[in-house]
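S.K.: sequence unknown, structure follows:
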């Protein structure tokens, strides 16, 4: 089985290459029209150029898994800021998509926790739909809209988890079908356990993005990996991709839900051992603070284990 590892957005090994430079709405309001246009254009252009630099870094280091920053375009979904963030950058979007396709890199987006479908407030659902459209439009401009996924958490429970899940099913109907087809759902560290997310994924035919750290922080005593992993893998069967999961480790016992700079190998070894039993190739997104450095460090440590061979910079054979 083949395991590929990747990281989130910012190649920290490169100097000054954050793809998430931003412009606050309060700062935007103080500008005149010309200043606004210039700032939005320059920041977006820089974010896209930094994304291209990260992709070249990934290509050079054999990293086949990468998550785009959701902050590529500042103020893209703000109700009072309407601007064309697609056509002025069409060549950059095409360059990004071309690099991804040419070098077989699996990409994704992960909107923030405010993009959810469990709220009883219509405007929150409307904002979630708009945010999903924004991410989808970026993927479409990159020519990646049928292969890259947009990952979400289920949302809040609002004191009644059953009612919230029912609202999820209802509110999700507002999401255009092509976008829903590119959606994944992840278990979180406080509210929805892996079992609960799997129930929703199986009902809606949505792939499950299993997060091991969240599972350790939020699970019922009856939930174990032997019961979870086969169900997770099955949710990906209708897609052309291997299953994808997230790994990280706690910053400390006191800050258990916070991500450490690197991944503690001992923390995730039970997951690796469980995966070996199924012989299922899969992709692992490393969500540690040191991003690319953490991913490559974990690859090195895993490759030192008996029965695991390093095939490329971030590709292992088990």
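M.R.: Arrived safely. A quick note: this is a predicted structure, and the numbers were derived from the prediction, not measured. Residues are numbered from 1 along each chain as shown.
S.K.: ok, which stretches of the stretch 1-150 of the chain are strands?
M.R.: Counting by DSSP state E, counting those that start in this stretch, one finds strands in the stretch 1-150 of the chain at the ranges 2-8, 65-67, 106-109, 149-153.
S.K.: now the stretch 201-318 of the chain
M.R.: With DSSP E, counting those that start in this stretch as the definition, the stretch 201-318 of the chain shows strands at residue ranges 208-211, 244-247, 282-286, 309-312, 315-317.
S.K.: For residue 115, which of the strands of the stretch 1-150 of the chain is the nearest?
M.R.: Ranking those by their distance to residue 115 (criterion: Cβ to Cβ) puts strand 149-153 first, at 6.1 Å. To be clear about C-beta, it is placed using only N, CA and C from the backbone, and glycine gets the same treatment.
S.K.: contacts for the closest one?
M.R.: Applying Cβ atoms under 8 Å, 6 or more residues apart in numbering, the set of residues contacting strand 149-153 from outside is 108-111, 113, 115-117, 132, 135-136, 139, 179, 182-186, 188, 192, 207, 209, 244.
S.K.: and what of stretch 255-266?
M.R.: Residues beyond stretch 255-266 that count as contacts (Cβ under 8 Å, 6+ apart) turn out to be 189-190, 213, 217, 247-252, 286-290, 293-294, 297-298, 301-302.
S.K.: roughly how far apart are residue 236 and residue 114?
M.R.: With distances taken as Cβ to Cβ, to the nearest Å, residue 236 is found 26 Å from residue 114.
S.K.: Looking at the two, which is more packed in?
M.R.: Shown here are residue 236 and residue 114; by other Cβ atoms under 10 Å, residue 236 has more neighbours (19 against 11).
S.K.: That one contacts residue 205, doesn't it?
M.R.: No. With the criterion set as Cβ atoms under 8 Å, residue 236 and residue 205 do not qualify as a contacting pair; they are 10.9 Å apart.
S.K.: what residues are up against residue 205?
M.R.: Remark: with contacts taken as Cβ under 8 Å, 6+ apart, residue 205 is in contact with 235, 238.
S.K.: one more time with 7 Å, if that's ok
M.R.: The neighbourhood of residue 205, defined by Cβ atoms under 7 Å, 6 or more residues apart in numbering, consists of residue 238.
S.K.: swap in the one 5 residues further on?
M.R.: Residues touching residue 210, when contacts are defined by Cβ under 7 Å, 6+ apart, comprise 187, 194, 228, 232, 245.
S.K.: what pLDDT does it get?
M.R.: Residue 210 is assigned a predicted lDDT (pLDDT) of 98.
S.K.: count of neighbours near the residue lying closest to residue 271 once chain neighbours are set aside?
M.R.: With Cβ to Cβ, 6 or more residues apart in numbering as the criterion, residue 271 has its nearest non-adjacent residue at 4.9 Å, and that residue is residue 212. Counted by other Cβ under 10 Å, the residues lying close to residue 212 total 25.
S.K.: same check, this time on residue 87
M.R.: By other Cβ under 10 Å, the residues close to residue 87 number 8.
S.K.: Walking through the stretch 151-300 of the chain, point out its helices one by one.
M.R.: Secondary structure of the stretch 151-300 of the chain by DSSP state H, counting those that start in this stretch: the helices cover 161-172, 177-180, 194-204, 212-217, 225-235, 265-276, 291-303.
S.K.: as a whole number, average confidence for the second one?
M.R.: Along helix 177-180, the predicted confidence averages to a pLDDT of 98.
S.K.: pLDDT wise, what is the closest residue in space to residue 250 that isn't next to it in sequence at?
M.R.: Once flanking residues are discounted, residue 250 sits nearest to residue 256: 4.5 Å by Cβ to Cβ, 6+ apart. Model confidence at residue 256, expressed as pLDDT, equals 96.
S.K.: end-to-end on stretch 103-112?
M.R.: Length of stretch 103-112, first residue to last, Cα to Cα, to the nearest Å: 28 Å.
S.K.: Could you do stretch 95-113 as well?
M.R.: In stretch 95-113, first residue to last residue: 29 Å (Cα to Cα).
S.K.: List the buried residues for it?
M.R.: Along stretch 95-113, the positions that meet the burial threshold by neighbour count (16 or more other Cβ atoms under 10 Å) are 95, 96, 97, 99, 100, 105, 106, 107, 108, 109, 110, 111.
S.K.: And stretch 130-139, by the same measure?
M.R.: Burial within stretch 130-139, assessed by neighbour count using 16+ other Cβ under 10 Å, is assigned to 131, 132, 133, 134, 135, 136, 137, 138, 139.
S.K.: what does stretch 239-248 give?
M.R.: Neighbour-count burial for stretch 239-248 [16+ other Cβ under 10 Å]: 242, 243, 244, 245, 246, 247, 248.
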